[in-house]
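[1] Please find the sequence and the predicted model below.
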Amino acid sequence: MEIRDIPEADVGRMFDLAGTVFHVGIEDGDLEQYGWPLQRADRIGAFDGATMAGQLAAIPMRLAVPGAMLDCSAVTFVGVLPTHRRRGILTSMMDRMYADAIAAGRPVAALWASQGVIYGRYGFGQATRAIDLEVDSSRPLELRTAPDDRPLRLIDAASAPELLGPIHLRSLSARPGGLDRDPAWWTRWILRPVDRDAAGYSAPRIVLHPAGYAIYRAHKRTIRVADLVADTPQAEAALWRFLASIDLSSRIVVPNRPVDDLLPHMAADPDQVTVTKNFGALWLRLIDVPAALRARSWATDDTFVLEIGDPRIPGNGGRWRLGTGAAACDPTTDAPDLSLTAADLAAVYLGGTDLTTLVRIGTVTEHTLGAAARLAASLTVPLSPYLNDDF
Ligand SMILES: CC(=O)SCCNC(=O)CCNC(=O)[C@H](O)C(C)(C)COP(=O)(O)OP(=O)(O)OC[C@H]1O[C@@H](n2cnc3c(N)ncnc32)[C@H](O)[C@@H]1OP(=O)(O)O
């Protein structure tokens, strides 16, 4: 089996392989609509002679972490032909992806998993959870938060990068976990006219508030909210009130909101807003542990010796002295306060997983009494990490 780059001319082959492993039929126009991010990705293939037996794509993006934006490999289009599964092909492609990311100076990688069981072995940790909401809008949605009453207007997709971009960017510094969006990502991805996950729904509509926006699609009497971002709870209230008041609709479905979303608390009648699902969302990999630990901001000034286990990226392994106040992370031979795997470190890194829970379940070992609670306090973020870009 040979692991090598897939040339741009073979992006169509990647799309066909994805169709095979994900069991989806491919229609005319799908490559143009869903496959174009592959053109900007690192494309890694596993070749058995002339047969492309496996593939992995890593799109260079920037991920919001507490206090910083980090270069990130957004991993996608992972697949191995059913005739070649369980022979270590994904493992080889992952190792190649790590080598590429290290060479490119990208300290983190992120992905959405098709199955939760796959990626922990590669050092990815489940770093965020998210919720789906449903709103009964057959009656007015009374809110406990006073809406910011400034005017709303509908805008077209072409204006989105200019008008929504700055609002979205501000949200990334308020809340970790999101990805930076360039103009093409806005117009060709976020605002793609048809979305497979929203089959039958209209093209996206965009409603702009001076301090926020919402993107939604409509189908029969249902409004499906794809994205909603606001600078303030009052602007958020104005957008929800608008969405709940659209004529000829009686229900709002909202896939993927942050676990600390305000709407369930804002609704005067809590029965009107239902959390329909709570699920594991972003998987994160710290490719360069010391660089990632130095880059983020911390909630307290403290010092820890961490013993990291990372068989797949040995440069991350061993003992590190982390000084959260000075953003310092250096090798040490001192006795560790905590021992943990690279996957568990990634799980807690954005502040979306409680480190003390991992001590309680036995995957993180606390050698210095109280160290886990102290590091958990340092990892705390004001708003739960959240990603609303599929890739
Ligand atoms: C970011 C994304 O794109 S997510 C999408 C992932 N792709 C899919 O789900 C498409 C369908 N599945 C596939 O294409 C393949 O089964 C893949 C890519 C998930 C795995 O590829 P493989 O080449 O079979 O993985 P590989 O042989 O390297 O597996 C390494 C280990 O992981 C285990 N593993 C891999 N996938 C799975 C799985 N889906 N369920 C359980 N265990 C798994 C293997 O058993 C193996 O364990 P071992 O080391 O103890 O023997």
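    Yep, it's here.
[2] From here on, just use CA atoms for contacts and neighbour counts.
    Will do.
[3] Contacts only, for residue 122.
    Going by C-alpha atoms under 8 Å, 6 or more residues apart in numbering, residue 122 touches 91, 94, 312, 343.
[4] By neighbour count, which of those wins?
    Greatest neighbour count in the contacts of residue 122, by other C-alpha atoms under 10 Å, goes to residue 343: 25 neighbours.
[5] I'd like the average pLDDT over the helix or strand containing it.
    Assessed by DSSP states H and E, residue 343 sits inside helix 342-349. Averaged over helix 342-349, pLDDT sits at 98.
[6] neighbouring contacts of it?
    Contact partners of helix 342-349, identified using C-alpha under 8 Å, 6+ apart, comprise 120-128, 283-286, 308-310, 316, 353-355, 358, 363-364, 379.
[7] do the same with stretch 58-74
    For stretch 58-74, the external contacting residues (C-alpha under 8 Å, 6+ apart) are 37-38, 40-43, 57, 75-76, 97, 101, 105-111, 172-173, 175-180, 295-298, 350, 381, 391.
[8] Ok, stretch 238-255 next?
    Contacts of stretch 238-255 (C-alpha under 8 Å, 6+ apart): 131-143, 147-149, 209, 212-214, 220-226, 228.
[9] Could you pull out the buried residues of that stretch?
    For stretch 238-255, a neighbour-count test (16 or more other C-alpha atoms under 10 Å) marks 238-241, 243-245, 249-255 as buried.
[10] Quick one, which of the contacts of stretch 238-255 are buried?
    Buried residues within the contacts of stretch 238-255, counting neighbours by 16+ other C-alpha under 10 Å: 131-138, 141-143, 147-148, 209, 212-214, 222-226, 228.
[11] Also near the ligand: which of the residues you listed, exactly?
    Checked against the ligand using C-alpha under 6 Å from any ligand atom, the buried ones among the contacts of stretch 238-255 give no members in range.
[12] Which of these fall in helices?
    Mapping the buried ones among the contacts of stretch 238-255 onto helices (DSSP state H) picks out no residues; all lie outside.
[13] if we can go back for a sec, would you report which members of the contacts of stretch 238-255 are assigned to strands?
    131-136, 209, 212-214, 222-226, 228 (DSSP state E).
[14] what helices or strands is the host helix or strand of residue 360 leaning on?
    Taking DSSP H and E as the criterion, residue 360 maps to helix 355-361. Helix 355-361 sits against helix 371-379, with contacts defined as 3 or more C-alpha pairs under 8 Å, 6 or more residues apart in numbering; DSSP states H and E.
[15] Any idea how far the helix it packs on is from the middle of the chain?
    Chain-centre distance of helix 371-379: 23 Å, with C-alpha atoms, centre = their mean, to the nearest Å.
[16] Which single residue of the stretch 151-300 of the chain ends up nearest the ligand?
    Relative to the ligand, the nearest point of the stretch 151-300 of the chain is residue 283 (8.9 Å; C-alpha to the nearest ligand atom).
[17] That residue - nearest residue in space that isn't next to it in sequence?
    Closest residue to residue 283 apart from its sequence neighbours, by C-alpha to C-alpha, 6 or more residues apart in numbering: residue 126 at 4.5 Å.
[18] For that neighbour, the count of nearby residues, please.
    Residue 126 has 26 nearby residues by other C-alpha under 10 Å.
[19] what's the answer for residue 52, then?
    When neighbours are defined as other C-alpha under 10 Å, residue 52 has 20 of them.
[20] okay, the angle between the helix or strand harbouring it and helix 342-349?
    Here residue 52 sits within strand 51-65, counting by DSSP H and E. Computed by axes from the mean of the first three to the mean of the last three C-alpha atoms, to 10 degrees, the angle separating strand 51-65 from helix 342-349 equals 40 degrees.
[21] mean confidence for strand 51-65?
    98.
[22] Which SSE is immediately downstream of it?
    In N-to-C order, the element after strand 51-65 by DSSP H and E is strand 68-80.
[23] Put the alpha carbons of that next one into PDB.
    This file holds the C-alpha atoms of strand 68-80, laid out as PDB (Å, rounded to 0.1, in the frame of the first residue of the first chain):
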ATOM      1  CA  ALA A  68      -6.200  32.900  20.200                       C
ATOM      2  CA  MET A  69      -6.800  31.600  16.700                       C
ATOM      3  CA  LEU A  70      -4.700  28.600  15.800                       C
ATOM      4  CA  ASP A  71      -3.900  27.100  12.400                       C
ATOM      5  CA  CYS A  72      -5.900  23.900  12.200                       C
ATOM      6  CA  SER A  73      -6.200  20.900   9.900                       C
ATOM      7  CA  ALA A  74      -9.900  20.400   9.400                       C
ATOM      8  CA  VAL A  75     -10.000  16.600   8.600                       C
ATOM      9  CA  THR A  76     -12.800  15.300   6.400                       C
ATOM     10  CA  PHE A  77     -13.700  12.900   3.500                       C
ATOM     11  CA  VAL A  78     -12.000  10.100   5.500                       C
ATOM     12  CA  GLY A  79     -12.800   6.700   4.000                       C
ATOM     13  CA  VAL A  80     -11.400   3.300   3.200                       C
END
